[in-house]
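**Student:** just the structure for this:
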Amino acid sequence: MPKNVVICCDGTNSSFQRDLTNVARMSCIASRVPGAQHVYYDVGVGVEEPGFVTKLGATLYRWAGLAFGAGLVKNVVQAYREIVSNYEPGDRLFLFGFSRGAYTVRVLAGVLENYGLLKRENQSEVEDVIRKFSALFPKKGSADAEDPARREAYCNRTFAEARQIRESRSVECLVHFMGIWDTVSSLGWAYDPKTFPNTAAMRHVRVIRHALALDERRAKFRSNRIEPVPGAQQDIQEVWFGGDHSDVGGGYPDDQSGLAKKCLEWMLREACQHDLRKDPAKEKELLEGPKSRPDAMGPQHESLEKFWWVLEYIRLPYRRQVDSVWKEEMIRYCGKGWRRIRDGDLVHRSVQERAKQHLVKNSHWSAAEAKVQWVD
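**Tutor:** As a prediction, the model looks like this:
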């Protein structure tokens, strides 16, 4: 009988040893039923390992994870191995992630689309497959990227190799449901951004639910939107919620998590409508108490403080589309990087309550409010 395989990848510097994120809460609420639902939780990028010799080394690793996503590739490899070890053809794969954990599961979806899921007898090749995926397209600025003929030859070679692995060493593995909170993708240093391909348009994912933070403005936390695939049979909803990055994805003390729990309540409902199994007792424990419940009027935080102000005055890459062509420029955000809301975007109705009380901080909100669609 088909089972659910649930993969939960937490956000930067997040784990059960700290204030819980919505990914940690989801991994607890998802019931563990042998033969029916397998649940895996992976700590976030930047969580130090026991092998660090000094406190300074551990601290530097945490900060590297916070600012630049150090350790993300390792998290992708671990999560992919977990799927290899537990997925059987016909199972339903659920992917949940927050922040760079959300980017982690989007990378996983891209690997599964291009290379399939390695058969268990081939799992020693996992790291090699992830490395190949990161180089599926030529590196920006290289001769292979700049010359059209060389780019075509490069892509013909890498895609042929991916197809050979997919057809001979792997099994097909579609993503049944992806639930993500406020994806960011700062992987690499500010002047050498590294990104994986196929993490925006994910045709291999049937259902996507993405909660976006309306009031986040940090330079290194730009919103990373989903791009629908033309003609693909997908169910995609990206929904704006009030608050900053962790007001949406969690990670603040429980008595300050009313907004985050509102997002979790929505995501849990959506996932259960698509066959996720939940533990009602854990749901009651983590959503309804003891210190806070889902609350549209819960306290909102300001994430742009201390260390993050340094990055506001460093020139960072900014990409925008002009006449169907992507343009890149270097800009300083200086604390004014409020996220832009597109015409027709979905906004959770809880924001409507906050707007009436003038609690929405995003400077673009007043111009956008009349052009959005409200959802529950």
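**Student:** for Ser85, see how far away the nearest residue to Val84 once chain neighbours are set aside is.
**Tutor:** Nearest residue to Val84 in three dimensions, chain neighbours excluded: Gln123, at 4.8 Å (Cβ to Cβ, 6 or more residues apart in numbering). In this view, the C-beta of every residue, glycine as well, is placed from N, C-alpha and C. Gln123 sits 7 Å away from Ser85, going by Cβ to Cβ, to the nearest Å.
**Student:** when these two are compared, which one has more neighbours?
**Tutor:** When neighbours are counted by other Cβ atoms under 10 Å, Gln123 and Ser85 differ, and Gln123 comes out ahead with 15 against 12.
**Student:** name the element Glu74 belongs to?
**Tutor:** Slight slip there: residue 74 is Lys, not Glu. Using DSSP states H and E, Lys74 maps to helix 72-86.
**Student:** next, the buried residues of that helix.
**Tutor:** 72-73, 75-80, 82-84, 86 (16 or more other Cβ atoms under 10 Å).
**Student:** just curious, which of these is nearest to Pro197?
**Tutor:** Closest approach between the buried residues of helix 72-86 and Pro197, by Cβ to Cβ: Val76, at 13.2 Å.
**Student:** any idea how far Gly101 is from that closest one?
**Tutor:** According to Cβ to Cβ, Val76 stands 10 Å off from Gly101.
**Student:** again with Ala211
**Tutor:** Using Cβ to Cβ, Ala211 is found at 13 Å from Gly101.
**Student:** who are the packing partners of the longest strand along the chain?
**Tutor:** In terms of residue count, the longest strand belonging to the chain (DSSP state E) is strand 205-213. If you count contacts as 3 or more Cβ pairs under 8 Å, 6 or more residues apart in numbering; DSSP states H and E, strand 205-213 packs onto strand 175-181, strand 235-241, helix 245-249, helix 258-272.
**Student:** please repeat the previous calculation with a cut-off of 10 Å.
**Tutor:** Packing partners of strand 205-213 (3 or more Cβ pairs under 10 Å, 6 or more residues apart in numbering; DSSP states H and E): strand 92-98, helix 100-115, strand 175-181, strand 235-241, helix 245-249, helix 258-272, strand 346-348.
**Student:** in JSON lines, list the ones you listed along with distance to Cys9.
**Tutor:** Below are the helices and strands packed on strand 205-213 laid out as JSON lines (distance: least, Cβ to Cβ, whole Å):
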{"stretch": "strand 92-98", "distance to Cys9": "4"}
{"stretch": "helix 100-115", "distance to Cys9": "4"}
{"stretch": "strand 175-181", "distance to Cys9": "9"}
{"stretch": "strand 235-241", "distance to Cys9": "19"}
{"stretch": "helix 245-249", "distance to Cys9": "12"}
{"stretch": "helix 258-272", "distance to Cys9": "14"}
{"stretch": "strand 346-348", "distance to Cys9": "23"}
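**Student:** who touches both of Ala211 and Gly101?
**Tutor:** Residues touching both Ala211 and Gly101 comprise 180-181, 183, 249, with contact defined as Cβ atoms under 10 Å, 6 or more residues apart in numbering.
**Student:** by neighbours, which of those wins?
**Tutor:** Taking other Cβ under 10 Å as the neighbour criterion, Gly249 ranks highest of those with 32 neighbours.
**Student:** what about the closest residue to Asp10 other than its chain neighbours, neighbour count?
**Tutor:** In space, and not counting its chain neighbours, Asp10 is closest to Gly44: 3.9 Å by Cβ to Cβ, 6+ apart. Gly44 has 28 neighbours, counted by other Cβ under 10 Å.
**Student:** quick check: pLDDT value at Gly44.
**Tutor:** Gly44 is assigned a pLDDT of 74 by the prediction.
**Student:** what does Lys74 give?
**Tutor:** 89.
**Student:** shaky segments in the stretch 251-376 of the chain?
**Tutor:** For the stretch 251-376 of the chain, the stretches with pLDDT under 70 are 290, 318-327.
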